[in-house]
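Undergrad: Okay, here's the prediction I keep looking at, along with the sequence it came from:
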Amino acid sequence: MSRSEELHARAVRVMPGGVSSDYRHDQTPTFYARGEGSRLTDVDGHEVIDYVLGMGPNILGHAPATVTSAVERSLREGQLYAGQHPREVELAEVLTELIPCAEKVRFLTTGTEATAMAVRLARAATSRPMIVKFEGHYHGWLEPLMVGCHLPFFSSVPGRSRLEVGGLDPEALKSTVVIPWNDPEAVEAVLDSRGAEIAAVIMEPAMCNAAVIPPAPGYLERVRQACDRSGTILIFDEVITGFRLGLSGAQGRFGVIPDLAVFAKAMGGGFPIACVAGRAAVMDFLDDPRVARDRVRPMNGGTFNAFVPSVAASLATVAELRRPGVFAAMEQMGSTLQHELGEMLHGLGIEHTIQGYGGAFWLDFGPVAPRSHADVRALDRSRYRAFVPLLEEEGVRVHLRGVWYLSTAHSRADIDATVAAARRAALRLPI
C-alpha cells in the first residue's frame, strides 16, 4: 500500500469522505508533501507538472520566493491585530489603481464570503429582493447563489429537485432567478419585465468554472445596458478571471465595467484573501455607522479580513505580476501549450476542443466548442475523464473538469514535457 493510500484510509475514519472540501472527491486520493514552482511532489515521491495550481490561486507557482519572503517578514510582525494595518491601505490603493470599477474595496477571506457580501450590498443599495444568476455559474456554496450550478455528483443525480445540495434553505432560493448565459435576450426579458424587483445580476464575465467559455461579442455590453435601464447592479464574479485574464480583470480585458466585482484566488498567490471592489456610491453602504446613520447598513464582519500575512502575499503577488513582461510571458506560455496540444492531438487523429485564454483554458475530446452550460451538459466527457489519470501517471496533473491553469513558473521545458506526456497518455486511451 502506498503512503497516500495509507493516509486516505486514516482520513476516512476521522474526516467525512477523507477530504476537507467536496471538490476534492473527484480526484485520486493523493496526498502531497510539497510544491515548488510548476511542480508538486506527493508523499510517495512522485513529481508532477501541476496545472491545477490549487484550483487557480497559485498564479506564481508553488512557494514563490517573492511571496514566501514577504509573508515571512510579516509573520515577525504578528498575524491579527483586531484593527487596521498599513499594508491593507497600500493594497487597497493598488487595487483601486488597477481595477476599473474599484473606487473602494472591502477585504474578506474567501470568494464565497465576497460574493455573499456583494449580493447583500446590492440589496441594501437598491432595496430590492431578487437576484439574477446564470446556469452553470458558480459563486460559492451559500444561499442564495447555490442554485443553477449543475455541479457533478450533486445536481446530476436523476430526479434531483431544484435544490441541488442537501440543507439549502428553499425560502432563500425563491429570490434567485436562473437564466441561460450568453443569451442577451434572456437578460433583457427578465430585467425589462421585473427590473423593479431585481437588485443585482451576478455572473462570471467569462465562464471559467465550466469550459472557459468566452462572452459572445456584444453580450456583456447588452447586459450592462439592460442593468442601467432597470437600475440593477451588475456584479462580476472575478474570483477566477481576476489577475488571470489581465491585471485589470476581465472587465479591463473586455472593456465593460460592472458596479461591483469580487476578486480572490490568484489575488493572494496561494494565500486566502478576497475583496469586493466597486463604485463608491454602492460600497459606501458599508461606511462607518457612526457617520451613515440615515442608512440601514449591510453588516460585514470577519476576524480574518485583511489577515496580515495574506495582505503581504497579495501585495507581493501583484507586484510580481506587474513587473515588465511577466504577465505577458505567462499568457504566451499558455497560448503555446494550447497550440502544441492541439497540433499533437490533431496529428493522432483525436477529435478535440481547446478554448480559453493564456492563463486558463479548457480541453475536451470532442468536436463541439460549448457556448452555454446546456452545451457543456450535453457533452460526453467520459474520454477526457479517462485521460486525466493516465496523464497523471505520465507526470502531469490536471483537473477532471477540463480547466488547465498556467503560472508564471511554467517554463518552455514544462510545455515540451507536458505535450510529450499528453501524447503518451492519449495513445493509451481505449479506441
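TA: On my side now, so go ahead. Numbers count the residues shown, from 1 in each chain.

Undergrad: Just give me the neighbour total for Asp228.
TA: Here the count is done by other Cβ atoms under 10 Å, and Asp228 has 12 residues near it. Every residue, glycine included, has its C-beta placed from N, CA and C.

Undergrad: show me where the stretch 251-400 of the chain has helices.
TA: Under the criterion DSSP state H, counting those that start in this stretch, the stretch 251-400 of the chain contains helices at 280-283, 308-322, 326-347, 373-377, 382-393.

Undergrad: Lowest average pLDDT across those?
TA: Sorting the helices of the stretch 251-400 of the chain by mean pLDDT places helix 373-377 lowest, at a mean of 88.

Undergrad: what residues does that helix touch?
TA: 134-137, 150, 180-181, 207, 210-211, 213, 368, 370 (Cβ atoms under 8 Å, 6 or more residues apart in numbering).

Undergrad: In strands only, show me those.
TA: Counting by DSSP state E, the contacts of helix 373-377 place Phe134 in strands.

Undergrad: how close does the residue lying closest to Val403 once chain neighbours are set aside sit to His352?
TA: Once flanking residues are discounted, Val403 sits nearest to Trp362: 5.5 Å by Cβ to Cβ, 6 or more residues apart in numbering. The spacing between Trp362 and His352, counted by Cβ to Cβ, to the nearest Å, is 11 Å.

Undergrad: cool, Arg253 as well?
TA: 25 Å.

Undergrad: quick one, domains of this structure?
TA: Domain assignment for the chain by automatic domain parsing gives 31-63+324-427, 65-322.

Undergrad: Any regions of the stretch 151-300 of the chain where pLDDT drops low?
TA: The model of the stretch 151-300 of the chain has pLDDT under 70 over residues 151-163, 288, 290-296.

Undergrad: Show me the strands in it, by range?
TA: 176-179, 198-203, 233-238, 260-263, 274-278 (DSSP state E, counting those that start in this stretch).

Undergrad: Make TSV from these and add mean neighbour count to it.
TA: Below are these laid out as TSV (neighbours: other Cβ atoms under 10 Å):
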stretch	mean neighbour count
strand 176-179	18
strand 198-203	25
strand 233-238	29
strand 260-263	29
strand 274-278	29
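
Undergrad: For stretch 75-94, C-alpha coordinates in PDB please.
TA: Extracted in PDB, the C-alpha atoms of stretch 75-94 (Å, rounded to 0.1, in the frame of the first residue of the first chain):
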ATOM      1  CA  LEU A  75       4.900  36.900  10.400                       C
ATOM      2  CA  ARG A  76       7.500  38.500  12.600                       C
ATOM      3  CA  GLU A  77       5.200  41.500  13.000                       C
ATOM      4  CA  GLY A  78       2.200  39.400  14.100                       C
ATOM      5  CA  GLN A  79      -0.800  38.000  12.300                       C
ATOM      6  CA  LEU A  80      -4.000  39.600  13.800                       C
ATOM      7  CA  TYR A  81      -4.500  43.000  15.400                       C
ATOM      8  CA  ALA A  82      -8.300  43.300  15.500                       C
ATOM      9  CA  GLY A  83      -7.500  46.600  14.000                       C
ATOM     10  CA  GLN A  84      -6.200  48.200  10.800                       C
ATOM     11  CA  HIS A  85      -2.600  48.000   9.500                       C
ATOM     12  CA  PRO A  86      -0.700  50.000   6.900                       C
ATOM     13  CA  ARG A  87      -0.400  47.200   4.300                       C
ATOM     14  CA  GLU A  88      -4.200  46.900   3.800                       C
ATOM     15  CA  VAL A  89      -4.300  50.600   2.900                       C
ATOM     16  CA  GLU A  90      -1.400  50.000   0.400                       C
ATOM     17  CA  LEU A  91      -3.200  47.000  -1.100                       C
ATOM     18  CA  ALA A  92      -6.500  48.900  -1.400                       C
ATOM     19  CA  GLU A  93      -4.700  51.700  -3.200                       C
ATOM     20  CA  VAL A  94      -3.000  49.200  -5.600                       C
END
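
Undergrad: For it, give me every contacting residue.
TA: 74, 104-105, 107, 303-304, 306-309, 311-312, 314-315, 318.

Undergrad: in stretch 104-120, what counts as buried?
TA: 104-120 (16 or more other Cβ atoms under 10 Å).

Undergrad: Please read the previous query as pertaining to stretch 74-86.
TA: Result for stretch 74-86 [16+ other Cβ under 10 Å]: buried residues 74, 85.

Undergrad: and what of stretch 312-324?
TA: Neighbour count says stretch 312-324 has 312-318, 320-321 buried, by 16+ other Cβ under 10 Å.

Undergrad: Distance of the nearest residue to Arg297 once chain neighbours are set aside relative to Gln84?
TA: Distance criterion Cβ to Cβ, 6+ apart; nearest residue to Arg297, sequence neighbours excluded, is Pro289 at 5.6 Å. Distance of Pro289 to Gln84, given as Cβ to Cβ: 17 Å.

Undergrad: What of Phe254?
TA: 34 Å.

Undergrad: And Asp44, by the same measure?
TA: 45 Å.

Undergrad: Same check on Val187?
TA: 39 Å.

Undergrad: Also Phe304?
TA: In terms of Cβ to Cβ, Phe304 sits 14 Å off from Gln84.

Undergrad: Averaged pLDDT, the strand or helix carrying Ala425. What do you get?
TA: Assessed by DSSP states H and E, Ala425 sits inside helix 412-427. Mean per-residue pLDDT for helix 412-427: 98.

Undergrad: Quick one: list the elements packing against that helix.
TA: strand 47-50, helix 326-347, helix 382-393, strand 396-397 (3 or more Cβ pairs under 8 Å, 6 or more residues apart in numbering; DSSP states H and E).
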